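[1] fold the stuff below for me.
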Amino acid sequence: MKHAAFASIAVLAIALAAPAAPQVEEKPVPMEKAPFHIPIFQNDYIILLNVNIPPGRNTGYHTHYADSVSVNLMTASQTNQNYGSNEVSAPGTGGEGEPGRATLTDITKNGPRTHKATNVGPTPFHNISFIFKKPGPAGNTVSKKPCHDGYRVFF
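    Numbering: from 1, shown residues only. Take a look at the predicted model:
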């Protein structure tokens, strides 16, 4: 009995004396591979994501690498943290607005963004996001049809 108690104390002392393992920062992934970002359609031009983050969960670090438009379906209170920063934003409403609001992430103008969003509220955050796979026009040109009945050029 004495030996078992001594062995238990020795193991506990060694465990407490061992240095803590360094915390490894998670590696960012592309937006469509982030937790709760589910690709539901894609072709040569877009990736359509269903983003649905439950309360108390986060997206992990992910990179917005291409222009995208997100449309809120349900907002939630979220915090954001940029990759490599210890600063976490104050909770706000996810997507900055009411259901139906569309938000452009302009990577062409502002460059890529890597962050993690955490849903700190009691309701799920839900939106759909359209990632444009190619910058600029897709190569399609506007028809030059003459203004016949039923046709009108607006630009």
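[2] and the pLDDT at Pro99?
    Per-residue confidence (pLDDT) for Pro99: 88.
[3] count the residues that sit near it.
    12 (other CB atoms under 10 Å). Backbone N, C-alpha and C define where each C-beta goes, glycine included.
[4] quote the end-to-end distance of stretch 56-67.
    By CA to CA, to the nearest Å, the extent of stretch 56-67 from end to end equals 28 Å.
[5] what residues of it count as buried?
    Arg57, Asn58, Thr59, Gly60, Tyr61, His62, Thr63, His64, Tyr65, Ala66, Asp67 (16 or more other CB atoms under 10 Å).
[6] the fourth one contacts Pro30, correct?
    Read that as Gly60. No. Contact between Gly60 and Pro30 fails when scored by CB atoms under 8 Å: they sit 11.4 Å apart.
[7] make CSV out of the buried residues of stretch 56-67 and add pLDDT.
    What follows is the buried residues of stretch 56-67, written out as CSV (pLDDT from 0 to 100):
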residue, pLDDT
Arg57, 97
Asn58, 97
Thr59, 97
Gly60, 97
Tyr61, 98
His62, 97
Thr63, 97
His64, 97
Tyr65, 96
Ala66, 96
Asp67, 96
